[in-house]
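K.L.:
got a structure for you, letters missing:
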């Protein structure tokens, strides 16, 4: 006779036999199913399947005269004609051999279910029938030669080959999740066990491959979930809750992603058009990471809170503490269609600028100075793609006592080059070579810059130097990379800085001041003001002296 099982036609024949102590029933099953029409599977999965799966089965049922029942089920199938576009390892082309065996044995309380796929993928599980069908424990082994033993604890152990996590997450998101009234996860009407243990040698996720992954997922009450992760690149936990922010606590993270480039040559962590991102399904997050490496660079301790609301993702209480510097930041990403906007506000500070730069593997011409940079910036694009054309806001900087040792040094000298301060010092070195041969010492550097649509303006950049004060004002076009600034230099070597005072402040500085005062004192005494005009490309600015005002003789 014909029956319908999981929405598929199934041939059924049976025979019975009376035994002294029981009644035996044998059932023969025969089917040729179409996987893309299996109603027990989510549509997002069946859409990736095609072909047909012929199979046959044998069911032996024993009904003891004293009551109860036991049964044994054996199914064999051939998936050679099946095609699958599911992510690896469940991808398959039609014509590729895929023998399937399934065995079940149990009673009215529960049963064990085991089998193999392609002979070397083997599984074993225990199922409970009452009060609702649920998986008590199970295991899946890759490259196994025999049926694995059941885990000692409740849960599922999945030992899998390398996985494309991004593809699987997209598939799971499309399939959706099912939970009962108590918040417990269900698949096909069966409750899943509380714990899942996933092991894989490699997992591709978030633009990076994670190695030797061992993840344990624990289902708590009310739909709460805890993920404990151990891998070469990350160690820590994720705690999810339906009505509270997700908690991410990491003791270690190494994240160096390779994001796919879009057609415009820009890379994105989301792989596509960021304007299509919808925050409505995003959870609130609280992140804490004790040792974070990003893009191959050690950042130290990091923490942040992310709160989605409508088309806005807010960042609060964020900080990065490397030990030598600390970054505080708050901001938001507004992702309205056609009107993206990112704003960030905070400060960057540290006790020693070159220690902070060396931590990140850079050299800096600034030495020994404590520093603080306050910023309030915004631009009309995604956070990871600052748009210079729309960049606006303010920058306020302060450097304490220190030295400019070499204006040609490393990437960290870009701030000096931005204002062409390096070129100005080279010009002054050329004009007064002995004065700056041992570096330029300063008591402080202060300034504020206002930015509007990529054009930066300042009128109060002041360097309080021991040999000279330098004041700068003007504009810098960051889009066209052009500068138009004026610098005023007021020598101080014998006017306000005494040799004895300099020795008290810093013996090295005192020695430099003493030498300069002896050799160059007469020259500086004749100059009270130098004025320079700086213009042209940022990479090769022209510096012209426009005024050299002699010092008036002191009247006694």
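P.N.:
Noted; the coordinates are in hand. This is a predicted model, so every value here is computed, not measured.

K.L.:
show me what contacts residue 339?
P.N.:
residue 380 (Cβ atoms under 8 Å, 6 or more residues apart in numbering). C-beta: built from backbone N, CA, C; applies to glycine.

K.L.:
what's the helix or strand for residue 212?
P.N.:
strand 208-219 (DSSP states H and E).

K.L.:
that strand - contacts with which helices or strands?
P.N.:
strand 195-205, strand 225-230 (3 or more Cβ pairs under 8 Å, 6 or more residues apart in numbering; DSSP states H and E).

K.L.:
and if we set it to 10 Å?
P.N.:
Contacts defined by 3 or more Cβ pairs under 10 Å, 6 or more residues apart in numbering; DSSP states H and E place strand 208-219 against strand 155-159, strand 163-164, helix 165-175, strand 195-205, strand 225-230, strand 234-240, strand 246-255.

K.L.:
buried sites along that strand?
P.N.:
Buried residues in strand 208-219, counting neighbours by 16 or more other Cβ atoms under 10 Å, are found at 208, 209, 210, 213, 215, 216, 217, 218, 219.

K.L.:
pLDDT weak spots in the stretch 201-350 of the chain?
P.N.:
Low-confidence segments of the stretch 201-350 of the chain (pLDDT under 70): 221, 259-276.

K.L.:
for residue 49, which non-adjacent residue is spatially closest?
P.N.:
residue 35 (4.0 Å; Cβ to Cβ, 6 or more residues apart in numbering).

K.L.:
check contacts around that neighbour.
P.N.:
Contacts were defined as Cβ atoms under 10 Å, 6 or more residues apart in numbering; by that measure residue 35 touches 8, 41, 45-46, 48-53, 79, 81-84.

K.L.:
redo that, cut-off 7 Å
P.N.:
Counting by Cβ atoms under 7 Å, 6 or more residues apart in numbering, residue 35 makes contact with 46, 49, 53, 82.

K.L.:
what about the last one, how many neighbours?
P.N.:
Close neighbours of residue 82, defined as other Cβ atoms under 10 Å, add up to 24.

K.L.:
check the third one too.
P.N.:
As a burial measure, the neighbour count of residue 53 was computed by other Cβ under 10 Å and equals 20.

K.L.:
the second one now?
P.N.:
Residue 49 is surrounded by 20 other residues when neighbours are defined as other Cβ under 10 Å.

K.L.:
now do the helices in this structure.
P.N.:
Along the chain, the segments classed as helices by DSSP state H run 43-46, 165-175, 353-359, 414-418, 421-431, 499-505, 507-519, 521-525.

K.L.:
from the buried residues of strand 208-219, pick the one nearest residue 277.
P.N.:
Proximity of the buried residues of strand 208-219 to residue 277 (Cβ to Cβ) peaks at residue 208, which lies at 19.6 Å.

K.L.:
excluding its backbone neighbours, what's nearest the closest one?
P.N.:
residue 257 (4.7 Å).

K.L.:
could you verify my assumption that the one you found touches residue 206?
P.N.:
Yes. With contact defined as Cβ atoms under 7 Å, residue 257 reaches residue 206; the gap is 5.9 Å.

K.L.:
surely residue 99 touches residue 80?
P.N.:
No. At 8.5 Å, residue 99 does not count as touching residue 80 under the criterion of Cβ under 7 Å.

K.L.:
pLDDT value on residue 130, please?
P.N.:
Note for residue 130: predicted pLDDT of 84.

K.L.:
which non-adjacent residue is nearest it?
P.N.:
Closest to residue 130 by Cβ to Cβ, 6+ apart is residue 109, at 6.6 Å.

K.L.:
now do the end-to-end distance for stretch 464-484.
P.N.:
Criterion Cα to Cα, to the nearest Å; first-to-last residue distance in stretch 464-484 is 22 Å.

K.L.:
revised request: answer the last question for stretch 470-488.
P.N.:
6 Å.

K.L.:
same question, stretch 37-50
P.N.:
With Cα to Cα as the measure, stretch 37-50 spans 9 Å from end to end.

K.L.:
shaky segments in this protein?
P.N.:
Across the chain (using pLDDT under 70), the flagged ranges come out as 172-194, 221, 259-276, 406-438, 492-528, 550-556.

K.L.:
can you pull the contacts of residue 347?
P.N.:
328, 372, 373, 374.

K.L.:
make it 10 Å
P.N.:
319, 326, 327, 328, 329, 372, 373, 374, 375, 376, 396.

K.L.:
next one: the fourth one from residue 287, what distance?
P.N.:
I take that to be residue 328. From residue 328 across to residue 287, the span is 15 Å (Cβ to Cβ, to the nearest Å).

K.L.:
now swap in the second one and tell me
P.N.:
According to Cβ to Cβ, residue 326 and residue 287 sit 16 Å apart.

K.L.:
how much space between residue 455 and residue 157?
P.N.:
60 Å.
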